[in-house]
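Enquirer: sharing a sequence plus its predicted fold:
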Amino acid sequence: MPAAVRGGSRVQAKPRAKTPPSSKRKPPAKAQGGYAPAKLGAAGKVGLAPHHALMAASAILALALGVTLATGDRAEKLSQSANAAIGSRFATFGFKLKVVRVKGASDLATADILKAAGIYKDQPLLGLDLDSLRRRVEGVGWVKSAQVVRLLPDTLELRVVERRQLAVWQHGGKSYVIDDQGQVIPEANPDRFAKLPLIVGDGANEFAARILPAVAARPRLMERLEAFIRVDDRRWDLRLKDGSLVQLPAVGEEAALIQLEQLDQKSRLLELGFERIDLRDPAVVAVRPRDGVLPGHLVADGV
């Protein structure tokens, strides 16, 4: 090749370096079996330690949560199919359901709660729809409210506030367990709650929470009580175990119970027994003795 001349000097041109043959990189193979973030895909190939996988899982969940909160539309943005795919992927790193803890529920309620939850061992923990699970748990009659907590890598906690069982209600030839709001607990078997007070009649469930504490505050009366009977959905009769009947007024129940206490303190009336005590008139207390002597005897002002 001829030399190039510049400024009177002869310069020898250097030969060009040979260009190596071009090589095209092959595109990375697509992940199989659902959605897999790039970092987690690489982690799976190199055998990522469980705690590293946990950190990656937390980052992905935090990002997803941030996006959905920003849109204000969580349920619509996270589809069930996406949850299932993510959960299945993380399950390969050990995020499977192994332990379920039910907190705040009685033994009787726990069985019904677990049945309604519909979860099973080795289910992908991150694929669970916690809102849907909470609604299923709160649909159980025992449950007042519930919170579902996912504890990675393998535990689920169902934190429950159980309805307080107040009484057994007889109505329409059937018996029900009711809570302190008068609501029936369908799953509760009345035969297993023999220690609860018995209330009878239309509307008894709605007003039981008012009368029960007033009577329970008087142990001598409460220990002898067999049933609270709602009369005409207006007032209460107290049926004692020995067959005696205490008739309370529609209003002023507390004052009537005080009158009964005064009678009992003076004559030990609850121990001696009687057929009927009529406390419906606050001015006059009518006592009918059990032996029939002096029927309709009037005791003025509780004397």
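Expert: Alright, I've got the coordinates.
Enquirer: only C-alpha atoms from now on, for both contacts and neighbour counts.
Expert: OK.
Enquirer: and residue 76, what's its pLDDT?
Expert: Reading off the confidence values, residue 76 has pLDDT 49.
Enquirer: so which residues make contact with stretch 181-200?
Expert: By Cα atoms under 8 Å, 6 or more residues apart in numbering, the surrounding residues in contact with stretch 181-200 are 112, 140-142, 165-171, 175-179, 205-209, 226-230.
Enquirer: buried ones in it?
Expert: Residues of stretch 181-200 classed as buried: 182, 183, 184, 185, 188, 190, 193, 197, 198, 199, 200 (neighbour count, 16 or more other Cα atoms under 10 Å).
Enquirer: for it, give the mean pLDDT please.
Expert: 97.
Enquirer: picking up where we left off before, determine which two of the buried residues of stretch 181-200 are furthest apart.
Expert: 188 and 200 (17.5 Å; Cα to Cα).
Enquirer: show me the buried residues of stretch 181-200 that map onto strands.
Expert: 198, 199, 200 (DSSP state E).
Enquirer: could those residues be laid out in a markdown table, adding distance to residue 263?
Expert: As requested, those are exported to a markdown table (distance: Cα to Cα, whole Å):
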| residue | distance to residue 263 |
| --- | --- |
| 198 | 25 |
| 199 | 25 |
| 200 | 26 |
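Enquirer: give me the neighbour count for the nearest residue to residue 162 once chain neighbours are set aside.
Expert: With Cα to Cα, 6 or more residues apart in numbering as the criterion, residue 162 has its nearest non-adjacent residue at 4.6 Å, and that residue is residue 143. Applying other Cα atoms under 10 Å, we find 21 residues neighbouring residue 143.
Enquirer: and which of the buried residues of stretch 181-200 is nearest residue 160?
Expert: residue 185 (15.2 Å).
Enquirer: over to that closest one: give its phi and psi.
Expert: Backbone torsions of residue 185, given as degrees, to the nearest 10, read phi -100, psi 100.
Enquirer: residue 272 now?
Expert: According to degrees, to the nearest 10, residue 272 has phi -70, psi -30.
Enquirer: gap between it and residue 291?
Expert: 11 Å (Cα to Cα, to the nearest Å).
Enquirer: make sure residue 271 is indeed in a helix.
Expert: Yes - counting by DSSP: H, G, I helix; E, B strand; the rest coil, one finds residue 271 located in a helix.
Enquirer: first-to-last residue distance for stretch 215-228?
Expert: Across stretch 215-228, first to last residue, Cα to Cα, it's 10 Å.
Enquirer: now do it: everything it contacts.
Expert: By Cα under 8 Å, 6+ apart, the surrounding residues in contact with stretch 215-228 are 197-200, 236-242, 257, 270.
Enquirer: recalculate using a threshold of 6 Å.
Expert: 198, 199, 238, 239, 240, 241 (Cα atoms under 6 Å, 6 or more residues apart in numbering).
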